[in-house]
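Peer 1: The following comprises the amino acid sequence and a computationally predicted model.
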Amino acid sequence: MKRIINIMNKQQIPLKNSLFLLLAAIIWGIAFVAQSVGMKYVGGFTFSAVRSLIGAAVLLPLIFILGRKEASADSSSSRPTSRKDLIIGGISCGICLCLATNFQQFGIKYTTVGKAGFITACYIVIVPVIGIFLGKKCSKFIWAAVAMALVGLYLLCITDGFSMGKGDLLVLVCAFLFSLHILVIDHFSPKADGVKLSCIQFFTCGILSGIPALLFEHPELSSILKAWQPILYAGIMSCGVAYTLQVIGQKNMNPTVASLILSLESCISVLAGWIILGQQLSIKEFLGCIIMFAAIILAQLPQKNTP
């Protein structure tokens with residue numbers, strides 16, 4: 001009986017974490033609409049800076065409330081040794097996030113949204129490949145799921161012939177940077193508080209994006225106010241909520257499985273366009289969605305742990 005309870009407890013954590021990551025993917029998928037609308041009013045660096053700073057500001061009251069609860073519950077449970085990991089981890093995540101989002105932002109200008117979505121989600125292959133060099137092994141189930149997800153993404157995102165241009169190369173760099181972001185979170189999330197880590201990464205990303213925004217884009221308050229709706233959604237939901245769910249959800253989870261679930265962002269964006277904006281969904285795209293969902297289910301099947 002004790003053994004059964006232990007098995008259930010081991011499976012319960014990844015399931016809860018998977019739901020957190022799935023919710024993050026849903027929020028990011030819908031955020032494509034907000035991002036495209038916001039870019040009509042402000043530059044890429046400006047959009048990234050403002051949304052990141054809003055995301056950080058949203059988390060500050062939550063950190064204060066949770067801090068008071070922890071203090072009243074048990075004052076001796078503080079972890080002074082995690083402060084260094086928290087600061088280093090937050091800044092490292094923020095640097096990766098800043099570079100990844102801005103490469104993606106400017107890459108989309110020179111390529112189609114479909115190709116950008118497909119190339120960005122190639123982190124589902126890059127993550128396990130980098131993970132091999134870091135000693136993180138994956139089972140045959142996971143590699144099969146990665147292959148299925150790539151096929152699904154291709155059917156979902158690529159409508160015409162595939163060729164590499166300037167924008168595609170920028171987005172490919174973005175995919176590599178998002179892979180590093182996932183692996184950095186995988187390293188630091190068990191060592192530090194997820195909400196605080198997320199808050200520091202947003203402040204870092206906002207400040208780093210704000211410097212080129214002031215130097216090259218010269219943002220005006222009137223332009224930012226015109227884009228207040230998409231910026232608020234991107235700041236509160238995409239940054240404040242979704243990225244925090246990613247940090248919390250990746251605890252005790254294989255980073256390759258995490259990247260597979262997060263890649264549903266592309267699938268959700270197509271479905272959101274179909275449901276919310278009334279955009280047509282072809283049989284090929286619908287088949288891509290089904291294959292991607294099947295890949296995620298395959299990755300979640302019980303399997304022997306690999307060291």
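Peer 2: Ah, there it is.
Peer 1: In contact with the closest residue to Phe188 other than its chain neighbours, which residues?
Peer 2: Using C-beta to C-beta, 6 or more residues apart in numbering and skipping residues adjacent in sequence, the residue nearest Phe188 is Gly89, 3.1 Å away. For every residue, glycine as well, the C-beta is placed using N, CA and C. Shown in contact with Gly89 (C-beta atoms under 8 Å, 6 or more residues apart in numbering): 184, 187-189, 191-192, 197, 200.
Peer 1: go on, Ala258?
Peer 2: Applying C-beta under 8 Å, 6+ apart, the residues near Ala258 are 17, 21, 182, 186, 246, 249-250.
Peer 1: just to revisit the earlier point, considering the contacts of Gly89, which possesses the most neighbours?
Peer 2: Leu197 (27 neighbours; other C-beta atoms under 10 Å).
Peer 1: So which other helices or strands are in contact with whichever strand or helix holds that one?
Peer 2: Leu197 belongs to helix 194-212 when assigned by DSSP states H and E. Contacts defined by 3 or more C-beta pairs under 8 Å, 6 or more residues apart in numbering; DSSP states H and E place helix 194-212 against helix 44-73, helix 82-107, helix 244-249.
Peer 1: Check these for me: which has the lowest mean pLDDT.
Peer 2: Mean pLDDT across the helices and strands packed on helix 194-212 is lowest at helix 44-73; the value there is a mean of 84.
Peer 1: That one versus helix 194-212: what angle between them?
Peer 2: Relative orientation of helix 44-73 and helix 194-212, computed by axes from the mean of the first three to the mean of the last three C-alpha atoms, to 10 degrees: 150 degrees.
Peer 1: buried ones in helix 44-73?
Peer 2: Within helix 44-73, the residues scored as buried using 16 or more other C-beta atoms under 10 Å are 44-59.
Peer 1: any low-confidence regions in the chain?
Peer 2: By pLDDT under 70, the weakly predicted segments of the chain are 1-13, 69-81, 112-115, 156-164, 273, 277, 279-281, 296, 299-307.
Peer 1: mind listing the helices for it?
Peer 2: Under the criterion DSSP state H, helices of the chain are mapped to 2-38, 44-73, 82-107, 113-120, 123-133, 140-157, 166-188, 194-212, 221-226, 228-232, 244-249, 255-262, 264-275, 283-300.
Peer 1: and among these, the most buried is which?
Peer 2: Mean neighbour count (mean count of other C-beta atoms under 10 Å) peaks for helix 255-262 among these, with a mean of 26.
Peer 1: Tell me what angle it forms with helix 140-157.
Peer 2: Angle, helix 255-262 to helix 140-157, by the same axes, to 10 degrees: 30 degrees.
Peer 1: export helix 255-262 as CSV, just CAs?
Peer 2: Presented in CSV, the C-alpha positions along helix 255-262 are these (Å, rounded to 0.1, in the frame of the first residue of the first chain):
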residue,chain,number,x,y,z
PRO,A,255,12.9,19.8,-19.6
THR,A,256,12.2,18.0,-22.8
VAL,A,257,8.7,17.1,-21.7
ALA,A,258,8.2,20.7,-20.6
SER,A,259,9.3,22.0,-24.0
LEU,A,260,6.9,19.6,-25.7
ILE,A,261,3.9,21.0,-23.7
LEU,A,262,5.0,24.6,-24.2
